[in-house]
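Enquirer: Fold the following.
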Amino acid sequence: MSDTVARAPSSPVPAKRAPPAVIETHALGRRFGETVAVADLELRVERGEIVGMLGHNGAGKTTTVRLLNGVLGASSGGARVLGLDPWRDGVALRRRTGVATETPAVDDRLTGRQGLTYFAHIYGVPAASVARRVDEVLHIFDLADAADARVGGYSRGMKQRLSLARTLVHEPELLFLDEPTAGLDPVAARALDERVLSLRASGATVLLCTHNLVQAQALCDRVVVLEHGRMVAAGTPSELAAGLGAATRVTLELTAPAGLDVAALLRDVAGVHGVEDATAAEGGDAPPPDDPSAVRDRRLRLQVDDRAAIAAAVARLVNAGAGVYAVEREAADLEDVYFALHERNGAAA
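Expert: So this is what the prediction gives:
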């Protein structure tokens, strides 16, 4: 007699579903008469990401923010934001998002504390938590000392900080920041950047619309680039640079006779562009004109297409009698990518 026990067939393990995106659009579009503000936008933003939206004035950034918050209706396509339909569930959605615009949205007749308290109630912050939360955001944006003064007496930068404090008072899951550092001094702008990073660390998601390419490079996990309402690129800066073939910057440190024009020596090397003798500009010693044989330290800055161009530039210098002792390679940054995209799309127009 067999001791084998019959077993029921095991059920297949269900595949894990990817969590829904915080923002997902499909062929989203908006027209104003004959003007196309946004066209066929395909955007996906995951929870906890900081995504930068870059583009010139009129590229469609602010219109996109209004569409995603249900303030504007779509002319075509659709979107889901925090799992909600922005146009059907707009009121519920806006309780969970925060929007800061380039122009401070504040009431000059109220004190800073009164304005924040008013918005805290509108956003549904529990009554028992309102005073604590208002004090927190006043402190975060260095407004505690001016909290009980009328906003009409605030400076432009203070009003911008108050507008940002209002955006955060209800601890939104999703932040839309539209040129948030406009009007801020460098100290306040850095404090805002640090706050954005801390929000991401706590699980918030940020869509950052900006002209500030340095800020976008420092903060964003990914960027999307709009031109005339259409997305023309999306990815990390390094991915975009690789796809566009954006030039890499290189600094060469070398010794060479004073009479040797090292910059001119490289201008016809294949794959080398924009050669600049940065010796004097970067504090190096300028060789004395009366001693052309003297050897001096030099610094060259150039742009190259690839590693082969670097090798060719170094070989040309060495063959001419220079001694190259350092090569510093700097990958293309977001500014390089942005202008390469703008040039490519301008040429295609």
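Enquirer: Tell me which helix or strand the residue nearest the centre of the chain sits in.
Expert: Centroid-nearest residue in the chain, with Cα atoms, centre = their mean: A216, separated by 2.3 Å. For A216, the element it lies in under DSSP states H and E is helix 213-219.
Enquirer: Over to I310?
Expert: Using DSSP H and E, I310 falls in helix 307-319.
Enquirer: Check which helices and strands that helix is in contact with.
Expert: strand 248-257, helix 262-266, strand 272-277, strand 295-304, strand 323-330 (3 or more Cβ pairs under 8 Å, 6 or more residues apart in numbering; DSSP states H and E). Backbone N, C-alpha and C define where each C-beta goes, glycine included.
Enquirer: For D193, find the nearest of these.
Expert: Closest approach to D193 among these (Cβ to Cβ): strand 323-330, 21.6 Å.
Enquirer: and the helix holding I310, how far from the chain's centre?
Expert: 35 Å (Cα atoms, centre = their mean, to the nearest Å).
Enquirer: the helices in the stretch 51-200 of the chain, which residues?
Expert: Assigned by DSSP state H, counting those that start in this stretch, the stretch 51-200 of the chain shows helices spanning 61-68, 90-94, 112-122, 127-140, 156-168, 186-201.
Enquirer: Select, out of those, the one closest to G55.
Expert: helix 61-68 (5.4 Å).
Enquirer: Quick one: list the elements packing against the closest one.
Expert: For helix 61-68, the elements it packs on are strand 23-32, strand 35-41, strand 50-54, strand 76-81, strand 174-178, strand 205-210, judged by 3+ Cβ pairs under 8 Å, 6+ apart.
Enquirer: quick one: buried residues of it?
Expert: By neighbour count on 16 or more other Cβ atoms under 10 Å, the buried set for helix 61-68 is 61-68.
Enquirer: and what of stretch 125-133?
Expert: Those would be 125, 130, 133, for stretch 125-133 by 16+ other Cβ under 10 Å.
Enquirer: Apart from its chain neighbours, what residue comes closest to the first one?
Expert: Excluding its sequence neighbours, the residue lying closest to V125 (Cβ to Cβ, 6 or more residues apart in numbering) is H170, at 5.2 Å.
Enquirer: That neighbour touches T97, doesn't it?
Expert: No: counting by Cβ atoms under 8 Å, H170 stays clear of T97, with 9.4 Å between them.
Enquirer: When those two are compared, which one has more neighbours?
Expert: A direct count of neighbours by other Cβ atoms under 10 Å for H170 and T97 places T97 higher, at 25 against 22.
Enquirer: nearest spatial neighbour of that one, skipping sequence neighbours?
Expert: L174 (4.6 Å).
Enquirer: residue ranges with poor pLDDT in the stretch 1-150 of the chain?
Expert: Applying pLDDT under 70 to the stretch 1-150 of the chain flags residues 1-19.
Enquirer: Kindly report the same for the stretch 201-349 of the chain.
Expert: 238, 241-247, 280-294, 331-333, 336, 340-349.
Enquirer: Which pLDDT value does the model give G153?
Expert: In this model, G153 is scored at 96, pLDDT.
Enquirer: next one: the helix or strand harbouring V232 to chain centre, how far?
Expert: V232 is located in strand 230-235, with elements delineated by DSSP H and E. In this view, strand 230-235 has its centroid 13 Å away from the chain centroid, taken as Cα atoms, centre = their mean.
Enquirer: Since that was my last question, I'll sign off now.
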